[in-house]
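J.: Give me a model of this one.
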Amino acid sequence: MPLPNPRRSNLALPPVVLGRRPIPVDGVWGPARSWFGGRPSLGAVPWPQDETGLPMEFAAQIHFGELAAADFPGLPASGAIAAFLGRMDSRGQAGCLRMVADKDLGRPTNPPADKPPVSAFLYDDDGEIVDADAKCFPYWPLDVHVVPKALGANQRELRSAALRQIGVDDTPSKNKAPQTVCWHSAMLYLADLRRMQDNAGRTLRFHDEETARNEGIMAELRANAAAETEELGAPSERVSKLIADMELYLARSRKARGERVDQIAALPGRIREIASWIGGHDAWSTMTDADRDRFRASVREDFRAFRLVSNRVHLWSDDYVRRTERTMATGGQRSRAALPPTVRARLSGPERLPGDGLHQMFGTGVAIQNASEMHGGKVMVLQLVYDMWMGWRFGDVGAFQFWLSPEDFRASRFDAAHVTFECS
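T.: Numbering: from 1, shown residues only. Next up, the predicted model:
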């Protein structure tokens, strides 16, 4: 098979779709040669750093033995590539690939001691997306699916072709099953209420600081009005309007402060009530229909009741349910085994693949801005996209793409990859 035309390199290779492995009923994942998240297996290969010296985020490791069926020219028969992510802005290196020989594979490599938590990479300091202290993304073994190029002209067609290939029907169901809610979701909600209480003093301080700044502006406006009165006999219409607007704003601010103080005072009682309701329930046990309805109603009510204290309580209870499902799926064997059957069916079905874009090697990637055009003569070696199940909140449905020139691809110089990040 000849090398692709340099101007069509990103289109000439058949795509390889990388899907999350289905979750078995007993929650036990067997050995994996390729995986998303977790820890890489680097052996003697150093953990890469960005241009500031900080360790990058490990995202995926793919063993070349899994790609033997693709029969790509220039692709090694052994070893693996480890993909790392850098910055999600234009000010630094977006990531890199590292080649790992078979002799170095085996024991997982711990992240460097000075590596920041993943939450810093995601701007997720409250731990909404991943554990706030976690140094790595959740671990999830992956399966490799080589799709004939003719079956996937774009990302949507490629996704459907990959799902058909693994025997998954992605036709939307008309009969939606009732949502199953575990007590872990209520525990997340309680944790948010407690975080609100911990931050209440800071919230009030910020309010007072803003009010003080606006009162300073009001003092300047009154001084200007006095000077204009002395000089012209009356303040100008512009200054008079600014004073009236500021008076109204400060009056509303003082009222809001009183409401905020009342809401802060009500928080401890609400926290005790929710904690008592949760009681000693096991995190992975399923709520009754009555408890599920109470949970949903509580989240809606508290969004309104504590709206001036913080925005940490979500508007929708579904946000907590999704976080619980992700925690169960990426946690230990016990939590995976406790997944409700309907959730396990989703994760072993259409949701094995992301909904927007695909994790893939080769072929044509997602076109968000102009990366594909700028790299028209190169091979897209890897694409990793926004994936809620991995905690990969890459901007606004963003994608990392790893590019190699045909010459570097032929010589297996994967370390030479240029990485781009784009989002909507």
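
J.: Could you list the low-confidence segments of the stretch 201-350 of the chain?
T.: Along the stretch 201-350 of the chain, segments meeting pLDDT under 70 span 311-315.

J.: mind listing the helices for the stretch 201-350 of the chain?
T.: All helices of the stretch 201-350 of the chain, identified by DSSP state H, counting those that start in this stretch, fall at 237-278, 289-305, 317-330, 333-337, 341-347.

J.: Now the third one: buried residues?
T.: Of the residues in helix 317-330, those scored as buried under the neighbour-count criterion (16 or more other CB atoms under 10 Å) are Ser317, Asp319, Tyr320, Val321, Arg323, Thr324, Glu325, Arg326, Thr327, Met328, Ala329, Thr330. Just so you know, the C-beta spots here come from the backbone N, C-alpha and C atoms, and that holds for glycine as well.

J.: Equivalent analysis for the second one, please.
T.: For helix 289-305, the buried set under the neighbour-count rule, 16+ other CB under 10 Å, comprises Asp291, Arg292, Phe295, Arg296, Ser298, Val299, Asp302, Ala305.

J.: residue ranges with poor pLDDT in the stretch 51-200 of the chain?
T.: Applying pLDDT under 70 to the stretch 51-200 of the chain flags the ranges 69-71, 73-74, 89-92, 123-130, 132, 149-153, 172-177.

J.: need the helices for it, in chain order.
T.: Going by DSSP H, counting those that start in this stretch, the stretch 51-200 of the chain shows helices at 118-121, 155-165, 183-232.

J.: closest to Tyr139 out of the helices of the stretch 201-350 of the chain?
T.: helix 317-330 (6.8 Å; CB to CB).

J.: The closest one - contacts with which helices or strands?
T.: Secondary-structure packing of helix 317-330 (3 or more CB pairs under 8 Å, 6 or more residues apart in numbering; DSSP states H and E): helix 183-232, helix 289-305, helix 333-337, helix 341-347.

J.: residue ranges of the strands in the stretch 301-424 of the chain, please?
T.: 360-361, 379-385, 399-404, 418-422 (DSSP state E, counting those that start in this stretch).

J.: could you dump those to CSV with distance to Asp26?
T.: Output for those, formatted as CSV (distance: least, CB to CB, whole Å):
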stretch, distance to Asp26
strand 360-361, 30
strand 379-385, 29
strand 399-404, 33
strand 418-422, 38
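
J.: can you list those strands in CSV and add mean neighbour count and distance to Asp131?
T.: Formatted as CSV, those follow (neighbours: other CB atoms under 10 Å; distance: least, CB to CB, whole Å):
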stretch, mean neighbour count, distance to Asp131
strand 360-361, 28, 27
strand 379-385, 26, 20
strand 399-404, 26, 22
strand 418-422, 22, 23
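
J.: can you tell me which of those comes nearest to Leu204?
T.: Proximity to Leu204 (CB to CB) singles out strand 418-422 among the strands of the stretch 301-424 of the chain, at 37.9 Å.

J.: what sits against Ala212?
T.: By CB atoms under 8 Å, 6 or more residues apart in numbering, no residues touch Ala212.

J.: Check His184 too.
T.: Ala283, Trp284, Thr324, Thr327, Met328.

J.: Mind doing that once more with 10 Å?
T.: Counting by CB atoms under 10 Å, 6 or more residues apart in numbering, His184 touches 278, 281-285, 320-321, 323-325, 327-328, 331, 335, 338.

J.: Next: Lys103.
T.: Gly43, Ala44, Ser78, Gly79 are the contacts of Lys103 under CB under 10 Å, 6+ apart.

J.: Swap in 8 Å and give it another go.
T.: Applying CB under 8 Å, 6+ apart, we find Lys103 in contact with Gly43.

J.: Give me the distance between it and Gly357.
T.: For Lys103, the distance to Gly357 equals 34 Å [CB to CB, to the nearest Å].

J.: Based on its surroundings, how many neighbours for Phe414?
T.: Applying other CB atoms under 10 Å, we find 23 residues neighbouring Phe414.

J.: Alright, I will stop here.
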